[in-house]
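Engineer: Here's my sequence, what's the structure:
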Amino acid sequence: MGPIRFRLVHLKRIAVLAIVVILIVSWYISSQPEKSPIAKTVVDTGKLEQNVADFGVHERGVAKKRMMGLRADGANFTLDGKPVRLLSGAMHYFRVVPEYWRDRMLKMKAAGLNTLETYVPWNLHEPKKYTYNFKGILDLGRYLDIAHEIGLWVILRPGPYICAEWEFGGLPGWLATVKEHVRTTRPVFMDPVEVWFGRLLAEVVPRQYTNGGPIIAVQIENEYGGFSNDTAYMERLKKIVESRGITELLFTSDGIGGQIRGEIPGVLKTVNFQDNATDKLQKLKKMQPDRPMMVMEFWTGWFDHWREDHHILRLEKFEKTLIEILDMGASVNFYMFHGGTNFGFMNGANTQYRTGGRTLPTITSYDYDAPISETGDLTPKYFKIREILKRHTPPGVVPERLPEPPTTVGKFDYGRTTVTKALSLDQVLPLLDQSILSRQRTAHGLGYGYMVYTATVNHKPERLTVKGVIRDRALVMINDIFVGEMDEDTEDIKIDPEHVLIKGDPPYTLKILVENQGRVNYGSGIKNQIKGIMGDVYINLEEKVPQFKVYTLDMSEDFLNKLTEHSEWTSGTELDQVKTPAFYRATFTVEGRPKDTFVHMIKGKWEKGVVIVNHNNLGRYWNIGPQETLYLPAPFLKEGENEIIVFEERTAAPEVLFCDKHSLGEIVYFRE
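Structural biologist: Sure thing, here's the model as predicted:
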């Protein structure tokens with residue numbers, strides 16, 4: 001064999017071998033699971049380790065990093081060095097079922113928006129100290145990834161305080177005992193904040209714009225100028241987020257009057273308002289003449305308290321203010337663009353006065369008169385935004401041809417279903433977690449929902465007095481007979497000594513059902529939000545109740561499992577003998593694919609309580625209004641038999657009614 005032929009043979013063999021190696025390597029790579037761009041986080045008694053891959057957001061599987069994020073160094077924002085106008089909409093992932101996130105975002109995109117804004121609720125993500133939840137409706141990482149897939153940038157507002165008409169402004173209930181130290185640099189508050197941010201930012205850092213993700217800006221605290229003026233606190237929060245890897249644009253957000261009190265030197269100020277746009281933006285420009293203007297909260301409507309009417313903002317006023325904002329050259333975030341629902345016990349509250357006074361709890365619906373309704377429907381405000389953004393922004397900011405929004409799915413009336421079983425509060429107590437003594441509970445406050453105080457007294461009660469305060473509302477029962485209602489303005493109740501239903505000799509059983517109607521989310525009232533009976537209880541002004549056994553009734557998943565499986569439900573002809581407060585059970589059948597619907601508790605003649613469907617807490621109802629129906633999204637239902645449980649405090653009804661139209665009560669035009 002000649003040398004040339006020898007070389008050719010060997011070259012052929014090498015080529016074949018190389019092809020085989022390539023095929024084997026390709027097969028091996030394709031057989032491996034795709035690496036997630038989400039930071040891998042290990043939680044061990046509060047100690048956090050983060051292993052973040054060097055990645056960007058994957059476009060067709062290819063990661064991309066960017067060199068330059070959002071900047072606010074001149075008259076205009078720039079992104080990747082190019083001028084940009086931010087047209088943003090607020091939607092809170094924790095108020096919308098995950099199955100609808102994409103639909104709502106696509107509707108935002110179709111309206112001409114390029115950015116999504118959201119708060120982060122610390123209280124849901126860390127319900128117990130060092131116990132975290134980022135699953136289901138709290139899967140923040142998935143929410144951010146969907147936004148990126150759709151092509152929306154993200155403005156993230158992680159708090160720790162968020163207001164948002166949300167329970168305790170997003171602070172965990174277990175921090176209520178901190179009292180006046182909330183939102184300060186005191187270690188009792190700041191130490192838990194540091195641990196929480198360590199966990200939260202593990203989800204956030206990899207999804208920053210310069211890491212290839214959608215997050216272009218991060219807010220420090222929220223409306224701090226309306227609460228205090230401690231620059232050291234704000235600087236500390238800035239240092240915490242930066243030390244944990246946040247590199248995107250930082251900013252603060254306040255009403256025009258709180259800008260100086262809530263500022264951080266060198267950090268962009270943004271403003272919140274609903275009207276008088278020109279005046280307020282001019283004042284903002286005067287404070288920072290060489291920086292772009294951003295309306296972080298342009299309030300598209302308003303929220304409602306119980307006992308009020310349903311607030312809406314006239315379309316003409318909305319249109320006028322939006323045009324002013326855009327013609328001034330400002331960027332804007334519509335708060336809210338889609339409001340959603342305060343599921344469970346997560347509604348917030350205000351006080352009668354900014355510094356205190358009677359608690360005014362927010363209703364279950366957070367419809368907010370937003371462009372996309374609570375149930376995903378497109379309102380006239382939505383189409384007006386679409387029209388105005390095209391006409392009042394420079395060419396190229398909004399695409400000439402916007403995509404059509406997704407079709408809104410119709411609602412369905414599932415008719416009515418009959419209550420078949422009931423369980424009294426007394427029968428439920430054995431299912432609750434072990435009781436603790438009232439003095440211990442006073443020190444720890446109330447989580448969410450209700451507490452049941454039980455005791456025995458030696459004198460037949462003719463008067464019950466609380467030397468302290470009830471937070472927020474209480475039903476009083478003697479020997480399981482309702483004798484009166486108390487709240488934070490009530491010192492005592494008188495009981496008819498000849499009450500025909502209170503029979504027998506002492507001792508008498510005293511039960512007090514106390515409801516946390518929602519912790520204050522704004523103002524100085526946030527400093528004192530321990531719930532329950534704050535003080536001593538006296539019978540006939542002379543017998544002090546030495547202590548109560550106290551049970552927590554928070555409708556937890558563990559409790560609902562026990563409740564559903566309980567074998568002692570009352571049924572049949574004995575239903576009418578069950579005394580409220582009590583749980584009532586019914587079932588109904590869904591044929592085919594489930595659809596959105598509404599539970600009409602007021603038309604059904606129920607008075608006050610909570611509705612739970614297939615272990616999903618829809619929230620509170622109350623016949624004082626304004627809200628009359630509760631939204632029941634289709635993902636909470638299943639084909640076939642569905643279970644509905646009603647916890648009624650006072651007046652039960654024989655049926656539960658459904659309907660296909662939401663009713664939020666009588667309308668009042670906001671600020672008119």
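
Engineer: where exactly do the helices run in the stretch 51-200 of the chain?
Structural biologist: Secondary structure of the stretch 51-200 of the chain (DSSP state H, counting those that start in this stretch): helices at 101-110, 122-125, 140-150, 187-204.

Engineer: so the first one versus helix 140-150, what angle?
Structural biologist: Here helix 101-110 points in a direction 40 degrees away from that of helix 140-150 (axes from the mean of the first three to the mean of the last three Cα atoms, to 10 degrees).

Engineer: For helix 101-110, give me every contacting residue.
Structural biologist: Contacts to helix 101-110, defined as Cβ atoms under 8 Å, 6 or more residues apart in numbering, come from residues 89, 91, 93, 96, 116, 142-143, 146-147, 150-152, 337-338, 372, 376, 378, 382, 386, 402-406. For glycine as for every other residue, the C-beta is placed from the backbone atoms N, C-alpha and C.

Engineer: 6 Å instead?
Structural biologist: Residues outside helix 101-110 that contact it (Cβ atoms under 6 Å, 6 or more residues apart in numbering) are 89, 91, 143, 146, 150, 338, 372, 402-403, 405-406.

Engineer: quick revisit: reformat the helices of the stretch 51-200 of the chain as CSV; add distance to Thr552 and mean neighbour count.
Structural biologist: Shown next, in CSV, are the helices of the stretch 51-200 of the chain (distance: least, Cβ to Cβ, whole Å; neighbours: other Cβ atoms under 10 Å):
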stretch, distance to Thr552, mean neighbour count
helix 101-110, 31, 21
helix 122-125, 16, 22
helix 140-150, 27, 20
helix 187-204, 21, 19
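
Engineer: Out of those, which is closest to Asp433?
Structural biologist: The closest of these to Asp433 is helix 122-125. By Cβ to Cβ, the value is 19.3 Å.

Engineer: Quick one: buried ones out of the contacts of helix 101-110?
Structural biologist: Buried by 16 or more other Cβ atoms under 10 Å: 89, 91, 143, 146, 338, 372, 405-406, out of these.

Engineer: Among those, which ones are in strands?
Structural biologist: 89, 91, 338 (DSSP state E).

Engineer: Leu322: which of these is nearest?
Structural biologist: Gly89 (12.5 Å).

Engineer: Any idea what the closest one is bridged to?
Structural biologist: In this entry, Gly89 is beta-bridged to Leu116, Phe334, by DSSP bridges.

Engineer: quick one, what contacts it?
Structural biologist: 108, 113, 334, 337.

Engineer: Just give me the closest of those to Ser228.
Structural biologist: So of these, ranked by how close each gets to Ser228 (Cβ to Cβ), first place is Phe334, at 27.8 Å.

Engineer: Hmm, the closest one is touching Glu297, no?
Structural biologist: No - Phe334 is beyond contact range of Glu297, at 8.6 Å (criterion: Cβ atoms under 6 Å).

Engineer: Can you read off the pLDDT for Glu498?
Structural biologist: On pLDDT, Glu498 comes in at 76.

Engineer: Repeat that for Arg358.
Structural biologist: Note for Arg358: predicted pLDDT of 85.

Engineer: do Arg391 as well
Structural biologist: Confidence score, pLDDT, at Arg391: 97.

Engineer: circling back to that earlier point, just the closest of the buried ones among the contacts of helix 101-110 to Ala72, please.
Structural biologist: Nearest to Ala72 among these is Gly89, at 20.0 Å by Cβ to Cβ.

Engineer: related to what we said a few turns ago, from the buried ones among the contacts of helix 101-110, which two are the most distant?
Structural biologist: Maximum pairwise distance in these, criterion Cβ to Cβ, is 19.4 Å, between Tyr143 and Pro405.

Engineer: Sounds good, over and out.
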